[in-house]
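*Asks:* Need a 3D model of the following:
(one chain, ligands or ions: 1)
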Amino acid sequence: MKLFEPFQLGPLALPNRIVRSATYEKMTDEDGFVTDQLIRMYENLARGGAGLIITGNALVHATGRSVPQQICIHNDFYIPKLKQLAEAVHEAGGLVVLQLSHGGRQCFPSLLGQTPIAPSAVAEPSLKLTPRVMEHEEVWEMVNAFAAAARRAHQAGFDGVQIHAAHGYLVNEFLSPHTNRRDDYWGGDEERRFHFLEEIMVAIRQEAGDGFPVMVKLNASDAVNGGLEVEESVRIAQRLQSLDCCAVEVSGGMYESGQVTVKPGIKELADEAYFRTFGKHFKQAVQMPVMLVGGFRSRSLMEETLQAGDADLISLSRPLVREPNLPALMKEGKEKADCISCNACLRFFRIPYTHCVVLEKERKKTVQAKN
Ligand SMILES: Cc1cc2nc3c(=O)[nH]c(=O)nc-3n(C[C@H](O)[C@H](O)[C@H](O)COP(=O)(O)O)c2cc1C
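*Replies:* Got it, this is the predicted structure:
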């Protein structure tokens, strides 16, 4: 099967084509330092056989905290513990890329202790807030924050970084005509909206050096009126390709679009792979590898998507929350993931750490039945 054939992703030799898509863990301590629990979780994922692991959204600047207890990388003092995480994954036979993120206007003011920042003062209806507009100098500060974070990831031994430019967070907000209403170097038309991501790519190259893999997760569609749509998103990917981007991961949606990013209740084959047509668009337009995320549950559909040339790599998030060893199980013949896409693992503020709530309940029932 193509799914289990090796794949060369820039300098990285992946043993198969299954990627663990970035998944926030809520497993650092209160100050954002890596814990033993987090290391064990990543070791487990590595043993589970995914060809590449992308970490949850790591914080590049204190103004971008979107969730509690996320991995922090906005200061050098986080490096030693992050190094332990990368080493543990390598020892377990895996490859690990750190996702770099700034929450922009999708940060809870109560968590942040201040008004969230964004390219423009466009109200965010789900969090019921209007962000503060970033000053020109402040935009440069964030560019440098992404670059410094990439340098730290490199020093900590990660195999690359992925810039989170999807799901309505800060980088997406600069790219999107819905959230970027500026008329300066950072916005006004398509090319200027791209400047923030472009400057980040350039700055990362300078800070982390040539050869360090840099990937980008993009929204094919913001799924909101006046938002980014696939035609423009594909052109963004083409520009990224000329900036030495190593791979693009295709996703979609933002907070105000509802559950577009993480579609619930995937039961039938027809519910799966809900961004597949976008993957096809990207594959037709760029030569760099395309990762496709969103609702893959069946091995046969993963294989068919690869065979049809609609993606080079298949990314999974929720299925690996329930079964970290799903790639190994599928290699042995398992057809369908056990995940029922109930999205209980997404209730960040109600659960102590990211895990499969359904599986936990099932285990409790089994224990009760035994007693
Ligand atoms: C618990 C949870 C945490 C997530 N955290 C992130 C994240 O940190 N960064 C990111 O880009 N996407 C995040 N996502 C979105 C996933 O990467 C993925 O795009 C989405 O879940 C759809 O894929 P799936 O159907 O395989 O779950 C998260 C999803 C879940 C369920």
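*Asks:* Just the helices from the stretch 101-250 of the chain, written as ranges.
*Replies:* Ranges of helices in the stretch 101-250 of the chain, per DSSP state H, counting those that start in this stretch, are 109-112, 136-155, 170-175, 190-208, 230-242.
*Asks:* Pick the most buried one from those helices.
*Replies:* A comparison of the helices of the stretch 101-250 of the chain by mean neighbour count, using mean count of other Cβ atoms under 10 Å, puts helix 170-175 on top with a mean of 28. The way it works is simple: take the backbone N, C-alpha and C, and place the C-beta from them, glycine included.
*Asks:* Can you get me the centre-to-centre distance for that one and its chain?
*Replies:* Relative to its parent chain, helix 170-175 has a centroid offset of 14 Å by Cα atoms, centre = their mean, to the nearest Å.
*Asks:* wait, what's in contact with Ala285?
*Replies:* Taking Cβ atoms under 8 Å, 6 or more residues apart in numbering as the contact definition, Ala285 lies against 234, 237-238.
*Asks:* Can I get those in TSV including pLDDT and distance to the ligand?
*Replies:* Listed next are the contacts of Ala285 as TSV, based on pLDDT from 0 to 100; distance: Cβ to the nearest ligand atom, whole Å:
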residue	pLDDT	distance to the ligand
Val234	98	19
Ala237	98	16
Gln238	98	21
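*Asks:* thinking again about what came up before, between the helices of the stretch 101-250 of the chain, which gets the lowest average pLDDT?
*Replies:* Of all the helices of the stretch 101-250 of the chain, the minimum mean pLDDT falls on helix 109-112 (a mean of 94).
*Asks:* which other residues reach it?
*Replies:* By Cβ under 8 Å, 6+ apart, the list of residues contacting helix 109-112 from outside reads 63, 65-68, 115-116, 127, 129.
*Asks:* Give me the buried subset of those.
*Replies:* 63, 65-67, 116, 127, 129 (16 or more other Cβ atoms under 10 Å).
*Asks:* Specify which member of those is nearest to Gly94.
*Replies:* Using Cβ to Cβ, Val67 comes nearest to Gly94 of these, at 23.9 Å.
*Asks:* pretty sure Asp184 contacts His136?
*Replies:* Yes: using Cβ atoms under 8 Å, Asp184 and His136 qualify as a contacting pair, with a distance of 6.8 Å.
*Asks:* Quick one: residues contacting Asp184.
*Replies:* Taking Cβ under 8 Å, 6+ apart as the test, what Asp184 contacts is 136, 192.
*Asks:* The ligand versus that one, what's the distance?
*Replies:* Per Cβ to the nearest ligand atom, to the nearest Å, Asp184 is found 28 Å from the ligand.
*Asks:* and if you look at Ser300?
*Replies:* Looking at Ser300 against the ligand, where the rule is Cβ to the nearest ligand atom, the gap reads 16 Å.
*Asks:* got the contact list for the residue nearest to that residue when sequence neighbours are not counted?
*Replies:* Nearest in space to Ser300, with sequence neighbours left out and distances taken as Cβ to Cβ, 6 or more residues apart in numbering, is Glu335 at 6.5 Å. Going by Cβ under 8 Å, 6+ apart, Glu335 touches 298-300.
*Asks:* from the buried ones among the contacts of helix 109-112, which is closest to the ligand?
*Replies:* Using Cβ to the nearest ligand atom, Val67 is the member of the buried ones among the contacts of helix 109-112 that sits closest to the ligand, with 8.0 Å.
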